Structure formats: structure tokens, C-alpha cells
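In: this one's structure only:
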């Protein structure tokens, strides 16, 4: 151990002093001792560590401790401090990943406590809260009073009242979840916008797939039917119109477990054609009526729906009917 600085001061520079030098030193030793005690210990025996009932820092350290590197700041925390603090709680572990050290966790905690005490952050009422207390908290935080009050965007810029039962149920499920989570309206709107974008992308991919399949089916039927292709397609449409009425478009757009529309299945088209011919069906010519509907009038009707309500045009399979009617006119 290195001597205390006061001990260095007390010792002569040359430990082998003799004779006159020793006598001279002895005469001044008492004065030096008094001065040293005065500077280092305020004139008291021992050191300030003795008075405090402990030992000097160096005295408490082993040789290994003295040679160890200094550990101050963030470096003194163990590498697995997050795991120790989380203590097996997965949610807590994910939360702790946001912080660089336990110091940062402590600062965040103090900041949150300050916000709560200052009234800046008002916690949601607990399970024992009354409906009035919960409603008041939601009002203060801009949360809609009921789930139906969430004004969220509808797919393809549609309107809620124009949706079918499945569509309305889907929107209601989203709204109910938003309200259950006390989600701010702007957050709910953003989530629905993203969900709608994903749905549109899926519809576009499905439309591309359907177009490819439809083209393949057309090529296959043209090879099998040759010059009768257009007549057979028109005959099929007339037969299904007679048997199923206006719901025939929904029928042919139904999908197999593999996702293939019936209208895009060559086997289905041939089956319908055989049934139509077995009942003596005749080819529908342009301008003739089919179950009370003029072909050209129906084409114009579909075009109007396509330009004013594209979602209905796709949803009800009018795109398929439109293609069939145009094929029949050629």
C-alpha cells in the first residue's frame, strides 16, 4: 500500500541521516508533526476514516481489486441486466429492449411518475370504475363514446350502408376492437387505411390471376369448339339466365376450393353447354331478348354500374357477365 501523503511529508528525503542532520531534524520534527496533523486530520489522532469508524478505500481493496479496471457509468451493469429485471416476463423483456441501460429505465420511470403527478398523464380507470367515470375519461382523451362513432374509411371509398351483411360485420368488428382498446380515432383511421390498402392489393392480384385463367379457358374452348365458340358461350348464358334468373352471375363467379371461378373452368362450361343443348336451347342473337331483357340494354346497364359503383361491378360478377355479352355480340 502506498503511504498516505501526510506520511510522505513526515519522512525525511534521506532515510540515513546521521549526526548533526539528525539533531536538526529532531528539533523540527515536533513542528512538522503538528503541521501535518493540522493539514491532514485537523489536529486529531488517526485519519478521517478512523473517525468515521471505517478504513481508507485502499485498505479495503485486495491486490486483485486494485488491478481491476475502473467500472463506472453504464459499464458496471451486467450484460444480462434486462433478463434479470424481466425475471422471465416476456412482455417486460420486450419493453426493456427499448432502453440502453438500467439508468435509462429509471429516468423513464421518473418521467412517467412526474407526468402522472402533474396531471399531464391520466391513467385509464380500473375495472372497478363506473360507466360514468370511464365515459368521462374517454371524453377527456378524445375517444369516441361508442364503437359506432368511429368514422373509419370503407374499402374502395364505399359507404357503410351499401355494404352487404358480411361487409358490415367486418367493419363492426374493427370498430368494436378499436373501442375496446380505447384507440384514438386517428390511429383507428390509419389502421383501417392500411387494411384497405392490403385488401385492394389482394383484389388486384386475384383479378390478375382470374384474367390469366379466363384467357387460358377461352383458348382451350376455342380449340374444342372452333367456330361455334361464340354461339356456345351465348347459349350457356341464355340457359343459366332461364334457369337461375338474375342470380346466375353470382353462380358462375363462385369459386372452387382451389380458388378457380366456375366461369373459368373449361369442364364447367362444357357441362352447361351440354345441358343447354339437351333441352333444345337456341343461340341468342344480338338484339333478341333473354328472359325479358334486351342484350344491348343489359350491356348499357352493366356499363353504368361499372362507372358509378365499381365495387358492386366486381362483387356481383358483372365483369364476367359483361365479357360474355360482348362475346355473344361478335
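Out: Everything's here; your move. In this text, all values refer to a predicted model and were calculated from it rather than measured experimentally.

In: Give me the pLDDT for residue 17.
Out: At residue 17, the predicted lDDT confidence score is 44.

In: Show the pLDDT at residue 256.
Out: pLDDT recorded at residue 256 is 91.

In: from memory it sits against residue 265, does it?
Out: Yes. In this structure, residue 256 is within contact of residue 265 by Cβ atoms under 8 Å, at 7.2 Å. For glycine as for every other residue, the C-beta is placed from the backbone atoms N, C-alpha and C.

In: Flag the shaky bits of the protein, pLDDT-wise.
Out: The model of the chain has pLDDT under 70 over residues 1-75, 119-122, 281-294, 327-330.

In: Please enumerate the strands of it.
Out: 289-290, 293-294 (DSSP state E).

In: Give the burial count for the closest residue in space to residue 325 that isn't next to it in sequence, as a bare number.
Out: Leaving aside its chain neighbours, residue 325 sits nearest to residue 299 (5.2 Å; criterion: Cβ to Cβ, 6 or more residues apart in numbering). Here the count is done by other Cβ atoms under 10 Å, and residue 299 has 17 residues near it.

In: So that it lines up with my notes, have the first residue be 621 from now on.
Out: Renumbered: residue one is now 621, and that last one reads residue 919.

In: Surely residue 919 and residue 941 touch.
Out: No. The criterion here is Cβ under 8 Å, and residue 919 misses it with residue 941 at 9.3 Å.

In: Determine the longest helix present in this structure.
Out: In the chain, ranked by residue count with DSSP state H as the criterion, the top helix is helix 805-845.

In: Mind giving me the packing neighbours of that helix?
Out: helix 785-800, helix 849-864, helix 886-898 (3 or more Cβ pairs under 8 Å, 6 or more residues apart in numbering; DSSP states H and E).

In: ok, and what's touching the first one?
Out: Put plainly, it is helix 785-800. 763-764, 766-768, 770, 772, 774-775, 780, 783, 807-808, 811-812, 815 (Cβ atoms under 8 Å, 6 or more residues apart in numbering).

In: Just give me the closest of those residues to residue 727.
Out: Relative to residue 727, the closest of these is residue 807; by Cβ to Cβ it sits at 26.6 Å.

In: Can you tell me the closest non-neighbouring residue to that closest one?
Out: Using Cβ to Cβ, 6+ apart, the closest residue to residue 807 is residue 798 (8.0 Å).

In: burial of that neighbour, as a residue count?
Out: Residues contacting residue 798 under the criterion other Cβ under 10 Å number 23.

In: Against residue 810, how distant is it?
Out: Using Cβ to Cβ, to the nearest Å, residue 798 is found at 11 Å from residue 810.

In: Equivalent analysis for residue 788, please.
Out: Distance from residue 788 to residue 810, by Cβ to Cβ: 21 Å.

In: And residue 890, by the same measure?
Out: Where residue 810 is concerned, residue 890 sits at a distance of 49 Å (Cβ to Cβ).

In: tally of neighbours for residue 936?
Out: Neighbour tally, residue 936, other Cβ under 10 Å: 19.

In: surely it meets residue 868?
Out: No. Counting by Cβ under 8 Å, residue 936 does not reach residue 868; the two are 11.1 Å apart.

In: Just give me the neighbour total for residue 791.
Out: 18.

In: That one and residue 722, how far apart?
Out: Distance from residue 791 to residue 722, by Cβ to Cβ: 45 Å.

In: Same check on residue 784?
Out: Distance from residue 784 to residue 722, by Cβ to Cβ: 55 Å.
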